[in-house]
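**Q** Quick one, structure for this:
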Amino acid sequence: MKHDSEQILNEWLVAAAQAGDSAALQRLIARWQPRLLSYSVSQLQDREAAQDVVQEVMLQITKKLMQLQDPAAFPKWAYQILQRRGIDWIRRKQTRRKYEQPMPDDESHVELGGTTTPDHAQNISLQQALHSLEPEAQQIIRLFYMEGFSVQEIGSIIDKPEGTVKSRLFAARNKLKQVLEGGHHD
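**A** Numbers count the residues shown, from 1 in each chain. Alright, predicted model coming up:
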């Protein structure tokens, strides 16, 4: 992750929170909760579940922050915890329902604005195009472009080899380009 004023503030907040400053801890949580929630929603495709998972993650971060050796590693560490909790939630969901297939008239197909005309596909926004990707592709795009993690850091967060992250990032970029140009066909 880039070392800029935001990174420096994060490091300072982590160090202050580790030193017992409860206001710094609250500020750190307030800064990171929306980011982690956005990532979790893309991972789980369920806002309510994402809120629950992020709440669990925030509790775990609060309890284990003293164990973090390097304050600069906080973003990667927080996303790793979130990734693992999200995977746990997905596994629990899969044990309850073995296989889930959206129906053609399901809301997930209306998410791109409620219309599927070719003209509309050409006017699709980047955010809408991002939502059309598979959850893992959304996560990789978010971590790389929105959070500024390197391919190596993303591999560590999602527990995949660097080469896998590179190829999935490449595929996700191509899919986004295809969706944005109106050539998206399922």
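
**Q** Pull the residues that contact stretch 41-57.
**A** Contacts with stretch 41-57, where a contact means Cβ atoms under 8 Å, 6 or more residues apart in numbering, come from 33, 36-37, 40, 78, 81-83, 85-86, 89-90, 93, 108, 130, 135-136, 138-139, 142. Glycine gets a C-beta too; all of them are placed from N, C-alpha and C.

**Q** Distance check, the residue nearest the centre of the chain against Phe144.
**A** When Cα atoms, centre = their mean is applied to the chain, the residue found nearest the centroid is Tyr39 (2.3 Å). As for Tyr39, its distance to Phe144 is 12 Å (criterion: Cβ to Cβ, to the nearest Å).

**Q** Same question for Ser125.
**A** For Ser125, the distance to Phe144 - Cβ to Cβ - is 19 Å.

**Q** more crowded one of those two?
**A** For Ser125 versus Phe144, the count of surrounding residues by other Cβ atoms under 10 Å is larger for Phe144: 18 against 11.

**Q** which ones are touching the more buried one?
**A** Contacts for Phe144 were tallied using Cβ under 8 Å, 6+ apart; they are 151, 154, 169.

**Q** cool, Arg35 as well?
**A** Glu147.

**Q** any idea whether it is helix, strand or coil?
**A** Arg35 falls in the helix class when you classify it by DSSP: H, G, I helix; E, B strand; the rest coil.

**Q** Could you report the pLDDT at it?
**A** If you check Arg35, the pLDDT there is 94.

**Q** swap in Arg85?
**A** According to the model's per-residue confidence, Arg85 sits at a pLDDT of 94.

**Q** Where does it sit, in terms of helix or strand?
**A** In this structure, Arg85 sits in helix 74-96 according to DSSP states H and E.
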